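Visitor: A structural model of the following input is requested.
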Amino acid sequence: MNWGIELWDQFENVDKHCQQGIEFVEKYSKFVKERTAIEQDYASKLRKLVKGYQPKKRHEDRTVYSSYKAFHCQLSELNDIAGQHEIVAENMVARIVTVCNQHCSDMKQDKKKFFQDGRRLQTELDTLERQVEQSKKKFEKEWKESERLQTNYERLDGDSNATKADVEKAKNISLSKKDMVTSCKTDYGAALVKFNETQKRHYGEDMPNVFESYRSSDNVRVQKLQEWMLEYAKFDSNVKPIVQKCLDGMKQAAEAINSELDAGFVVERLKSGFPIPGDKEFEDYTAPKQNSGDDNGTPESQRNSLNANRNKKGGLSWLFGAKKVVESPDFSHLPPEQRKKRLQAKINEIRKEIKKEEEGRNGIIRMQEVYKSNPQLGTAAKVQPEIDAANQVIAKLQAELQQHETWYADATGKSPASIPAPSRPVPPKSGSKPVTAVTTSASTDLGAGIPPAPPLPGANSSSMIPPPPPVASSKSSPPDVAAVNDDESQEDPSFGDDFDEDPVDPVGTCDALYDYDASSEGEMSMRSGDTFQVLEADSGDGWTRVMSEHGDGYVPTTYININFFY
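Guide: Here you go, the predicted model:
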């Protein structure tokens, strides 16, 4: 539908309609903005609510109960729901409010230009119309004057009393006025033709173009509104699956609540380990006393001693609070069962610290060996103080461990459970080059579990080859590749994927000094003089991973001579 034809005489109303459309877009933008404010405020209140009900540090021991876990899951999912409301608000601001305001500004500028063009065209047409009217009035005036003069001439010409001079004068004036009428008629006709042409072009081309611009702008406005309203609904529909997933998580957490399991946790958490008190004996004060001790009373049962301090309030305890129980280093202030658990946890913690310190010390020792074999890399003497400091820390931790194990044995009558340790350290990630020793140092304490370094390169002549050294004990035997990968996947799943996918780059080559027959899966047999590529250097367990054209496996480090690439 062509606005220029159908609405040729409604320029002012068309402009007013476009102005109302712009105002409607601004109104819709304001609506969406207020909706985003509500979403953001709602999300903020949800996060504040979640934060206010997060478990306090003093209540961490309660998190083992399934009901507490379900509530914490509910808080977590509710926090995620708040995040989805924030996403909705952010998307609405970025994709609707901002774009909508910018489009309103552009439409106002376009409308202003369209209105100026239409007003200019109308002004030009009105000017021409006034010129036509003026020329028409002038032509009419001159024609009437010419008629009057012609009548006067005819009257004088027929009057016998009029002089010839008067008749000639009236004739000349009449002829002159007729020439003026002819000129005015020509001007009027030219102005009228020009006006008609301009008016035809005005309503046939110029104004339809203006109306078409109005219509195009209005169509764009309507289409944009359609897109924004679809986006508005899409933002909500996009987060609904995520919100539903959060609600499903809440439901699953609630279904996982197990009262029997919680009852077991209550027993495990609060069990004291004291025996149930037996029957009290009757004390006959009328009977003669059997022994003359200085006992002033009957000792209280364990039940009474545990509850004695509950209702005992004296002094200013009501003002300053109850006096805190002083914790003993051996946890003797706790009931037997609780003391056992605390001692076991402390022992496990100390063992982990010892293992960590030993790994750090062994790394420094291997670095020292590298410095000794390659002085240009560094001075071996500089790292000795670090080794001594690590040994002191380990000795202190071992003494502390021994003390806690003694307390544990006194409390339970048996040794504490040990932490299972992996039979072999986890191989390094692909691309890394492990550092290992290449020379022997008799003065350096390599620590437990680290075999002696292999002989120097070039010492493989028949006169210098000693008898085969003993293979590392079965305690440090190399696991099969699958077991190593299983250990890696348990400790770090992402690392296991990287290790399986990327090939290991060789770090050097080695020559077999002695014959060796593989005795378990993961090992590799070799004969004296065989050459291999080194995939993994000895990490302290006495085994080196090598590769040949037949595959890869572990061989004793002391049976080979290694030449590293660096």
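Visitor: what comes up buried for the helix or strand containing residue 193?
Guide: Here residue 193, judged by DSSP states H and E, is contained in helix 164-201. Using 16 or more other Cβ atoms under 10 Å as the test for burial, helix 164-201 gives 167, 170-171, 173-174, 177-178, 180-181, 184-185, 187-188, 191-192, 195, 198. (C-beta placed from N, C-alpha, C; glycine too.)
Visitor: show the average pLDDT along it.
Guide: In this model, helix 164-201 has a mean pLDDT of 89.
Visitor: and it, what does it pack onto?
Guide: Applying 3 or more Cβ pairs under 8 Å, 6 or more residues apart in numbering; DSSP states H and E, we find helix 164-201 packed against helix 98-158.
Visitor: tell me what the helix it packs on is packed against?
Guide: Secondary-structure packing of helix 98-158 (3+ Cβ pairs under 8 Å, 6+ apart): helix 11-52, helix 164-201, helix 207-255.
Visitor: and the angle from it to helix 164-201?
Guide: Between the axes of helix 98-158 and helix 164-201, defined by axes from the mean of the first three to the mean of the last three Cα atoms, to 10 degrees, the angle is 160 degrees.
Visitor: quick check: which element contains the residue sitting nearest the centre point of the chain?
Guide: Closest residue to the average C-alpha location of the chain: residue 83 at 11.2 Å, with Cα atoms, centre = their mean. If you go by DSSP H and E, residue 83 is part of helix 66-92.
Visitor: number of residues surrounding the closest residue to residue 257 other than its chain neighbours?
Guide: In space, and not counting its chain neighbours, residue 257 is closest to residue 66: 4.6 Å by Cβ to Cβ, 6 or more residues apart in numbering. For residue 66, the tally of surrounding residues (other Cβ atoms under 10 Å) stands at 17.
Visitor: you'd agree residue 66 is up against residue 255?
Guide: No: contact criterion Cβ atoms under 8 Å: residue 66 and residue 255 do not qualify, at 10.1 Å.
Visitor: residue 280: what secondary structure?
Guide: Secondary structure, DSSP: H, G, I helix; E, B strand; the rest coil: residue 280 is coil.
Visitor: next one: it from residue 405, what distance?
Guide: Using Cβ to Cβ, to the nearest Å, one gets 38 Å for the distance from residue 280 to residue 405.
Visitor: neighbour count winner among the two?
Guide: residue 405 (16 against 8).
Visitor: the more buried one contacts residue 344, doesn't it?
Guide: No: at 10.2 Å, residue 405 does not count as touching residue 344 under the criterion of Cβ under 8 Å.
Visitor: where in this structure is pLDDT low?
Guide: Low-confidence segments of the chain, defined by pLDDT under 70: 1, 289-326, 415-503, 566.
Visitor: next, the contact list for the residue nearest to residue 257, please.
Guide: Shown in contact with residue 66 (Cβ atoms under 8 Å, 6 or more residues apart in numbering): 256-258, 261-262.
Visitor: would a markdown table of those with neighbour count, secondary structure and distance to residue 202 be doable?
Guide: Shown next, in a markdown table, are these (neighbours: other Cβ atoms under 10 Å; DSSP: H, G, I helix; E, B strand; the rest coil; distance: Cβ to Cβ, whole Å):
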| residue | neighbour count | secondary structure | distance to residue 202 |
| --- | --- | --- | --- |
| 256 | 13 | coil | 80 |
| 257 | 15 | coil | 82 |
| 258 | 14 | coil | 86 |
| 261 | 14 | helix | 89 |
| 262 | 15 | helix | 88 |
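Visitor: could you dump these to CSV with distance to residue 539?
Guide: Compiled in CSV, those are given as follows (distance: Cβ to Cβ, whole Å):
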residue, distance to residue 539
256, 42
257, 46
258, 44
261, 42
262, 45
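Visitor: so of those, which two are at opposite extremes in space?
Guide: 256 and 262 (11.2 Å; Cβ to Cβ).
Visitor: just the strands in the stretch 251-400 of the chain please.
Guide: Read by DSSP state E, counting those that start in this stretch, the stretch 251-400 of the chain holds no strands at all.
Visitor: start from the N-terminal end of it and give the helices.
Guide: 259-270, 302-307, 317-320, 336-373, 384-412 (DSSP state H, counting those that start in this stretch).
Visitor: what of the stretch 451-566 of the chain?
Guide: Counting by DSSP H, counting those that start in this stretch, the helices of the stretch 451-566 of the chain are 481-491, 493-501.
Visitor: just give me the neighbour total for residue 536.
Guide: Residue 536 has 22 nearby residues by other Cβ under 10 Å.
Visitor: and it, how close does it get to residue 506?
Guide: Residue 536 is 10 Å from residue 506, where distance means Cβ to Cβ.
Visitor: same check on residue 335?
Guide: Residue 335 is 59 Å from residue 506, by Cβ to Cβ.
Visitor: also residue 135?
Guide: Taken as Cβ to Cβ, the span from residue 135 to residue 506 is 105 Å.
Visitor: those two: who's more crowded?
Guide: Between residue 135 and residue 506, residue 135 has the larger neighbour count (other Cβ under 10 Å), namely 20 against 16.
Visitor: right, and the more buried one touches residue 183 too?
Guide: No: counting by Cβ under 8 Å, residue 183 is not a contact partner of residue 135; they are 10.5 Å apart.
Visitor: residues near residue 111, how many?
Guide: Counted with other Cβ under 10 Å, residue 111 comes out at 19.
Visitor: tell me the contacts of it?
Guide: Listed by Cβ under 8 Å, 6+ apart, the contact partners of residue 111 are 15, 18-19, 22, 214, 217.
Visitor: which one of those residues is nearest residue 414?
Guide: residue 22 (85.7 Å).
Visitor: any idea how far the residue nearest to that closest one when sequence neighbours are not counted is from residue 268?
Guide: Distance criterion Cβ to Cβ, 6+ apart; nearest residue to residue 22, sequence neighbours excluded, is residue 107 at 5.1 Å. Distance, residue 107 to residue 268, using Cβ to Cβ: 71 Å.
Visitor: neighbour count winner among these two?
Guide: Comparing residue 107 with residue 268 by other Cβ under 10 Å, the one with more neighbours is residue 107, at 21 against 12.
Visitor: touching, residue 327 and residue 333? I think so.
Guide: Yes: between residue 327 and residue 333 there is a contact under Cβ under 8 Å: 6.0 Å.
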